[in-house]
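> Quick one: sequence plus predicted model below, questions after.
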Amino acid sequence: MTSPARLLFASSHPGPTVTVTVLAAVIAAAVGHPVWLVVLVALTVVAGQLSIGLANDWIDADRDRAVGRSDKPVARGLIAKETVRNAAFVTAGAAVVLSLFLGPVAAAAHLVLVAAGWVYDAGLKRSVWSVAPFVVAFGLLPVVAVSAGADAQLPAAWAIATGAVFGVAIHCTNVLPDLVDDAATGVRGFPHRLGLHAAGVVAFASLVVAAGLVLVGQLGGDDPVRGLGVVLALTGTVVVVVLAAVGVRLVLTGPPTRVLFRLVIVSSLVLVVELGLAGARLVA
């Protein structure tokens, strides 16, 4: 029998939760924060992401049950909806408390980030503005990671823009496999209104734009990378463009699957690791 803790973790959208936490931690480490602060950023971000994921499964429990979502423990009746709801509020509370130790700028950014996720869960996902919380949240993620601590430095504008554009790609590819189920339960967000092919192309075009922003930031910023850093920057960009091309081909030639979302996740990890290794200046 699966433990309640495992069921709660499965209800928290663990893939995106872990990925966003890793992104924040790597960015925090890349700007030179001490280890304790990197850990604090990671703990704060994971608490917020857990709350957003749990709130999503709690709020959508009846809808997920109606369409037979076998990947959702609460929809399968393996865990009570109230338990997931309570866990969402507990982790949200932890995110608020932990945010206060990051410093005022990072705290404010993280609280807005988490609020954006909850607003999406609570109903904005059903409107044409469903992409807005993702743009806001991923645009603010570099602010949380860079501005943490007493110095409260802001990230470079290109880093914020990259996160915002990534938000478009993540939202669209995450929704594509659920278009039919969503239509049956009255959800018509931004990707639904675009349609499968257009939303897929927009998602992977956004991915290419994000890669371009990172490349420009590394090669044309105030403190551009040199030598091996240039090689890493170009390599990362090429890898992401190839992944985007694969994604567009899959969108146009086959049914939407979770592979599309995973391509975006892998691309985000490629770019953030590239940033860390190349030594690009992320601070404005």
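The structure has been received and is ready for your questions.

> okay, CA-based contacts and neighbour counts for the rest of this
Will do.

> Might you report the residue contacts of Gly200?
The contact partners of Gly200, by C-alpha atoms under 8 Å, 6 or more residues apart in numbering, come to 172-173, 176, 247-248, 251.

> which residues in the stretch 151-284 of the chain form helices?
Counting by DSSP state H, counting those that start in this stretch, the stretch 151-284 of the chain has helices at residues 157-175, 179-184, 190-194, 196-220, 228-253, 258-278.

> What residues sit buried inside the lowest-mean-pLDDT helix or strand in the chain?
Ranked by mean pLDDT, DSSP states H and E, the helix or strand of the chain with the weakest confidence is helix 179-184, at a mean of 72. Buried positions in helix 179-184, judged by neighbour count with 16 or more other C-alpha atoms under 10 Å: 179, 181-182.

> Tell me the one among those nearest to Val214.
Leu179 (30.8 Å; C-alpha to C-alpha).

> Grab the nearest non-local neighbour of the closest one.
His192 (6.4 Å; C-alpha to C-alpha, 6 or more residues apart in numbering).

> Now do that neighbour against Pro177, distance only.
Distance of His192 to Pro177, computed by C-alpha to C-alpha, to the nearest Å: 11 Å.

> which one of these two has more residues nearby?
His192 (23 against 18; other C-alpha atoms under 10 Å).

> and the more buried one, what does it touch?
Contacts of His192 by C-alpha under 8 Å, 6+ apart are 176, 179, 199.

> Kindly report the same for Ser268.
Here Ser268 is in contact with 23, 166 (C-alpha under 8 Å, 6+ apart).

> next one: the one 5 residues further on
Shown in contact with Val273 (C-alpha under 8 Å, 6+ apart): Val26.

> Can you give me the distance of it to Arg249?
Applying C-alpha to C-alpha to Val273 and Arg249 gives a distance of 26 Å.

> What helices and strands are in contact with the helix or strand in which Trp58 is found?
Using DSSP states H and E, Trp58 sits within helix 35-59. Secondary-structure packing of helix 35-59 (3 or more C-alpha pairs under 8 Å, 6 or more residues apart in numbering; DSSP states H and E): helix 14-30, helix 81-99, helix 104-122.

> From the chain's centroid, how far away is the helix or strand just after that helix?
For helix 35-59, the following helix or strand on the C-terminal side (DSSP H and E) is helix 61-66. Chain-centre distance of helix 61-66: 24 Å, with C-alpha atoms, centre = their mean, to the nearest Å.

> Name the surrounding residues that touch helix 61-66.
72, 74-76, 81, 185.

> got the contacts of His192 as JSON lines, with distance to Val143 columns?
JSON lines is the format used below for the contacts of His192 (distance: C-alpha to C-alpha, whole Å):
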{"residue": "Leu176", "distance to Val143": "28"}
{"residue": "Leu179", "distance to Val143": "32"}
{"residue": "Ala199", "distance to Val143": "27"}
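
> Of those, just say which sits nearest to Leu37.
Closest to Leu37, out of all of the contacts of His192 and judged by C-alpha to C-alpha, is Leu176, at 36.3 Å.

> Check the burial of that closest one by counting its neighbours.
Other residues close to Leu176 by other C-alpha under 10 Å number 24.

> what helix or strand does the residue nearest to Ile27 when sequence neighbours are not counted sit in?
Of all residues not flanking Ile27 in the chain, Ala145 sits nearest, at 6.0 Å (C-alpha to C-alpha, 6+ apart). Using DSSP H and E, Ala145 maps to helix 132-147.

> What helices and strands are in contact with that helix?
Right, helix 132-147 is packed against helix 14-30, helix 104-122, helix 157-175 by 3+ C-alpha pairs under 8 Å, 6+ apart.

> one step back: ok, the residue nearest to Ile27 to Val41 distance?
6 Å.

> can you list residues touching both of the two?
24-25, 28.

> could you dump those to CSV with neighbour count, pLDDT and distance to Gly163?
CSV is the format used below for the shared contacts of Ala145 and Val41 (neighbours: other C-alpha atoms under 10 Å; pLDDT from 0 to 100; distance: C-alpha to C-alpha, whole Å):
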residue, neighbour count, pLDDT, distance to Gly163
Ala24, 25, 92, 11
Ala25, 25, 93, 14
Ala28, 28, 91, 14
